[in-house]
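Student: pasting the structure only:
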């Protein structure tokens, strides 16, 4: 079982998370993950990057409390507002509902969504520190 360590101190904005994931998992690849929850989900299926052939990887997220803050309500609202500028790609009504929930403090933050993606892969252990 390999252990991968996400350094939460390196994350200040959403793109930093993907830079960290690329550092950990894509160093041997000639391409990188995009800044997308779908890309993270694809990675965790294990068919690309360092996870290829790793039967039971363990991911430790250091300073996850700090990451929870910087990937919290403000970052999530900005991310969703960005989606609202692309009505041909993203459902405006659905995105607006998600944005309203985040602003009200009832919707999941980007950090929460990332953790949900990890939780959808029971073969990968995520430890928040």
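Tutor: Perfect, I can see it now. On a predicted model such as this, the values are computed, not experimentally measured, just so you know. Numbering: from 1, shown residues only.
Student: can you give me the end-to-end span of stretch 2-13?
Tutor: Start and end residues of stretch 2-13 are separated by 27 Å (C-alpha to C-alpha, to the nearest Å).
Student: could you pull up phi and psi at residue 87?
Tutor: phi -60, psi -20 (degrees, to the nearest 10).
Student: this structure: strands as residue ranges?
Tutor: Taking DSSP state E, the strands of the chain run over residues 3-7, 58-62, 125-128.
Student: point out the most buried one among the ones you listed.
Tutor: Highest mean neighbour count of the strands of the chain: strand 58-62, a mean of 18 (counted as mean count of other C-beta atoms under 10 Å). Every residue, glycine included, has its C-beta placed from N, CA and C.
Student: output the contacting helices and strands for that one.
Tutor: strand 3-7, strand 125-128 (3 or more C-beta pairs under 8 Å, 6 or more residues apart in numbering; DSSP states H and E).
Student: for the most centrally placed residue in the chain, report the pLDDT, please.
Tutor: Residue closest to the average C-alpha location in the chain (C-alpha atoms, centre = their mean): residue 114, at 3.7 Å. Here the pLDDT value assigned to residue 114 is 98.
Student: what's stretch 115-124 in contact with?
Tutor: For stretch 115-124, contacts defined as C-beta atoms under 8 Å, 6 or more residues apart in numbering pick out 37, 40-41, 44-46, 55-59, 108, 126, 128.
Student: what distance separates the start and the end of it?
Tutor: With C-alpha to C-alpha applied, stretch 115-124 spans 11 Å between its terminal residues.
Student: okay, buried residues for that stretch please.
Tutor: If you call a residue buried by 16 or more other C-beta atoms under 10 Å, then stretch 115-124 has these buried ones: 115, 117, 118, 121, 124.
Student: okay then, goodbye and thanks.
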